[in-house]
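>>> Show me how the following folds:
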Amino acid sequence: MNRGSLTLEAAFLMPLYLFFMISLISFFEILHLEQNVDFYLSRAAKETALYSSAETLLSRGDVDIDDGFAKTVLSDIYAYGELTDELPEAYRDQCGMKGDFVFLPVESTGEDIIDLSTYYSVTPDANVFLIPDIGLIGRARTRAWTGYDAGTGSGVSPEERMVYVTETGEVYHLSRSCSHLSISVHAIDEGTQDLYRNSGGGRYKPCEVCGMNEAYGEYFITDDGDRYHTDINCPGLKRTIYEIPLSEVGDRRLCSRCSGTYGE
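Model (predicted):
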């Protein structure tokens, strides 16, 4: 009696279980389709943004479109071709997609923006719960590459010379390779700092940041500096270099070494 009851229950539940699993797999396929649509739509938007003219894109196919019409719908045409080429009809049917991609009008921003929006519908397989068609929208938006105008935006003339400065330095340099920009660090025995002089003949004094810390037997000095350091990682031993236009050097004076080396 119990075996017969279990067999009857299994015969009743097994189809429901199979339908449930098929529906679950179908939802995963729909999710995969949605991810693919978003990916290829985004790729189409980026590729469209790189082309400089409608003729370049249209040369990929045999369709002849007049220039005025191409300026308004070219992105949608190209994106549609990208989606249908990369997502063939057999794959779309397998994922439960119904009908075709329908590109939606988008509000113009008045800027050089590539904005693609497409609508499509899907229905899960083994739809025992009679779920209606699910409408999905894919959208990709990117700025068109219209070139760079060197005369605007940055405010830097293309002919203006670029120079190099440090965060706290009082001079500017004509070359990134100037020796004053290259810090040469030397390790010396602790307590022997009075025996050394920098390139200007000056003595070394303790660094304001690390000079009072324990030195572990060594101090660190530089040729052009006037401080000795107890920590090799001290910020005083690091130099951040910025490239700026010559017109922005302000009160900084020209590095004497650069002046002699580069003849200015």
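>>> Distance of Arg227 relative to Val163?
Computed with CB to CB, to the nearest Å, the distance linking Arg227 and Val163 is 26 Å. Yep, even glycine has a C-beta here, placed from its N, CA and C like the rest.
>>> same deal with Ala49?
35 Å.
>>> between those two, who's got more neighbours?
In this view Ala49 and Val163 are compared by other CB atoms under 10 Å, and Val163 has more residues nearby, 23 against 16.
>>> quick one: contacts of the helix or strand where the more buried one lies?
Under the assignment given by DSSP states H and E, the secondary-structure element containing Val163 is strand 162-166. Contacts made with strand 162-166 from outside it, assessed by CB atoms under 8 Å, 6 or more residues apart in numbering, are listed as 171-176, 178, 181, 239-246, 249, 252.
>>> What subset of those is buried?
For those, burial is judged from neighbour counts taken by 16 or more other CB atoms under 10 Å, and it is met by Val171, Tyr172, His173, Leu174, Cys178, Leu181, Arg252.
>>> Of the residues you listed, which one scores lowest on pLDDT?
Across these, the smallest pLDDT goes to Leu181, namely 76.
>>> quick one, phi psi at that one?
The phi and psi values for Leu181, taken as degrees, to the nearest 10, are phi -90, psi -10.
>>> Could you pull up the residues touching it?
Tyr164, Thr166, His173, Arg239, Ile241.
>>> if I look at Val249, how far off is Thr240?
Counting by CB to CB, the gap between Val249 and Thr240 amounts to 16 Å.
>>> Give me the secondary structure label for Glu29.
With DSSP: H, G, I helix; E, B strand; the rest coil as the basis, Glu29 sits in helix.
>>> and the gap between it and Ser23?
Glu29 sits 11 Å away from Ser23 when distances are taken as CB to CB.
>>> And for Cys255?
Cys255 sits 74 Å away from Ser23 when distances are taken as CB to CB.
>>> do the same with Gly202
Using CB to CB, we find Gly202 at a distance of 82 Å from Ser23.
>>> My read is that His32 contacts Met97, right?
No. Assessed by CB atoms under 8 Å, His32 is found out of contact with Met97, at 11.4 Å.
>>> between the two, which one's more packed in?
Met97 (23 against 13).
>>> so how far is Gly81 from that one?
Counting by CB to CB, the gap between Met97 and Gly81 amounts to 17 Å.
>>> counting contacts, what elements does the strand or helix carrying Leu33 pack onto?
Under the assignment given by DSSP H and E, the secondary-structure element containing Leu33 is helix 2-50. In terms of contacts (3 or more CB pairs under 8 Å, 6 or more residues apart in numbering; DSSP states H and E), helix 2-50 is packed against helix 67-86, helix 89-94, strand 113-122, strand 134-143.
>>> Can you get me a residue count around the nearest residue to Asp133 once chain neighbours are set aside?
Spatially, and ignoring its direct neighbours in sequence, Asp133 is nearest to Ser121 (4.3 Å; CB to CB, 6 or more residues apart in numbering). Other residues near Ser121 come to 15 when the count uses other CB under 10 Å.
>>> so what's Ser121 up against?
Under the criterion of CB under 8 Å, 6+ apart, the contact partners of Ser121 comprise Met97, Lys98, Gly99, Asp133, Ile134, Gly135, Leu136.
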